[in-house]
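Student: Predicted model and sequence follow; I will ask about them next.
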Amino acid sequence: MSTDQDLLTDGLLTHPYAVYDRLRDTAPVHRVTGPDGSPAWLVTRYDDVREALANPLLSLDKRHALPGGYKGFALPPALDANLLNMDPPDHTRIRRLVGRAFTTRRVEQLRAPIRRTADHLLDALGTSGGPHGSTDLIAAYAAPLPITVICDLLGVPDGHRRDFRAWTDVLVAPDPARPQAAKEAVVAMLGFFTQLLAAKRKEPADDLLSDLIAVRDESGSTGNDRAGSDRLSEDELMSLAFLILFAGYENTVQLIGTAVLALLQHPDQLAALRADPSRLPAAVEEFVRYDGPALLAIRRFPREDVTIGDVTVPAGETVLLSLAAANRDPRRFPDADRFDLGRDATGHLALGHGIHYCLGAPLARLETEIALAALLERLPDLKLDGDPGDLRWRPSLRARGLLALPVTY
């Protein structure tokens, strides 16, 4: 065990994988200072992270946390009663209610609509740029594609989508110069979801949010009472809508951006994928292993003293599991820092493991596959516009994503 690692000053914001390589080689578990100055334990090695992800003694419920430890950003109760803060049986109940919408079979039915959206966005690039053009691929393609898909799935009106993107960006990477911005974004999102649920109750539609409201209202209750075995409380309903929209957008925009960057920085791998696009589904697994959208899993709190690696973590203290470090662990993936679409990347932890495995994983995989397929077909001369060292990354210890990706085509 090593101690007193300050994540904010150790270069993690700018060079996360180099930092994680060093931490992983030094010790399996580190005592660290979180982004708010609170203490936590950081786990970096693949076997330890995988085991911890599935350990029922490591709770996501903040009621098991000791005072003074890192707990992540705070949300009001109406947005906080979501799967990222729950253990069984509540986690099991809610995941069962919404899980049917995200099965591989149901998600596959979205293939044609997602491709239409991708083509529409690329059409806009063609008309604005002429025979040759340049653009920020995040703003023009990687961001609007997933926000359109998840908003269509939930039934969010077009006019609110740009606002939601702005609120999400503030929450993922708060601006130290504007400390009130995150609170303002939370207030705005709470108002947004309150109005959206009221509108859907008044005029239900053929969308996931209307279906969840029907599940909630069939119980015949109107307050924030604890839900029954197959029901949702009002807070759970709103929190679930928030989580689906937030995670469905945030993770996928980051994954599309880093996947495109990896290909542009490795022209041999890009050429191989162009030559055989049928490799795309398997390639997505290497994209998420090599540079996935989450550096850390959601923080956990031991229900009792737990031994991880060679360290005993006291009950109630905060445990941070580094998915990024685990996925670059050479003990599990030989030559792990090499981007190789020919490797077997199955078993990566980028989307979690165990009962908290990412609910939207099938949708994120499909969107990334389709987004890249469309780019490969329609922009054969896609290139990075500028020096990779000048690229700007989100100032976030949790989320790994580009602020912009300038390209020519």
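Tutor: Nice, thanks for sending it over.

Student: switch to C-alpha atoms for all contacts and neighbour counts from now on
Tutor: Fine.

Student: Could you list the low-confidence segments of the stretch 51-200 of the chain?
Tutor: By pLDDT under 70, the weakly predicted segments of the stretch 51-200 of the chain are 127-131, 173-176.

Student: For it, just list every one of the strands.
Tutor: Residue ranges of the strands in the stretch 51-200 of the chain, as given by DSSP state E, counting those that start in this stretch, are 58-59, 134-136.

Student: One more: the stretch 201-350 of the chain?
Tutor: Counting by DSSP E, counting those that start in this stretch, one finds strands in the stretch 201-350 of the chain at the ranges 301-302, 306-308, 311-313, 319-321.

Student: Each with direction, which strands does the first one pair with?
Tutor: Within its sheet, and counting by DSSP bridges, strand 301-302 is paired with strand 58-59 (antiparallel).

Student: which residues touch the strand it pairs with?
Tutor: Contacting residues not belonging to strand 58-59 are listed as Ala52, Met86, Asp87, Arg300, Phe301, Pro302, Arg303 [C-alpha atoms under 8 Å, 6 or more residues apart in numbering].

Student: please redo it, this time with the cut-off set to 6 Å
Tutor: Taking C-alpha atoms under 6 Å, 6 or more residues apart in numbering as the criterion, the residues outside strand 58-59 that touch it are Arg300, Phe301, Pro302.

Student: Using TSV, lay out the strands of the stretch 51-200 of the chain together with distance to Glu234 and mean neighbour count.
Tutor: TSV is the format used below for these (distance: least, C-alpha to C-alpha, whole Å; neighbours: other C-alpha atoms under 10 Å):
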stretch	distance to Glu234	mean neighbour count
strand 58-59	23	24
strand 134-136	39	17
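
Student: Could you report the neighbour count for the residue lying closest to Leu397 once chain neighbours are set aside?
Tutor: The spatially closest residue to Leu397, leaving aside those adjacent along the chain, is Leu13, at 6.3 Å (C-alpha to C-alpha, 6 or more residues apart in numbering). One way to gauge burial is a neighbour count; for Leu13, by other C-alpha atoms under 10 Å, it gives 19.

Student: returning to that earlier point: can you say which of the strands of the stretch 201-350 of the chain is nearest to Ala177?
Tutor: Set against Ala177 and scored by C-alpha to C-alpha, those come closest in strand 319-321, at 26.2 Å.

Student: From Leu42, how far off is the residue nearest to Leu341 when sequence neighbours are not counted?
Tutor: Spatial nearest neighbour of Leu341, chain neighbours left out: Ala283 (5.4 Å); criterion: C-alpha to C-alpha, 6+ apart. With distances taken as C-alpha to C-alpha, to the nearest Å, Ala283 is found 29 Å from Leu42.

Student: Which one of these two is surrounded by more residues?
Tutor: The residue with more neighbours, out of Ala283 and Leu42, is Leu42; 28 against 23, by other C-alpha under 10 Å.

Student: I'd assumed Leu320 was in contact with the more buried one.
Tutor: Yes - here Leu42 reaches Leu320: they are 4.8 Å apart, a contact under C-alpha atoms under 6 Å.

Student: can you tell me the helix or strand for Leu42?
Tutor: Assigning secondary structure by DSSP states H and E places Leu42 in strand 39-43.

Student: Now do that strand: which elements does it pack against?
Tutor: strand 29-33, strand 319-321 (3 or more C-alpha pairs under 6 Å, 6 or more residues apart in numbering; DSSP states H and E).
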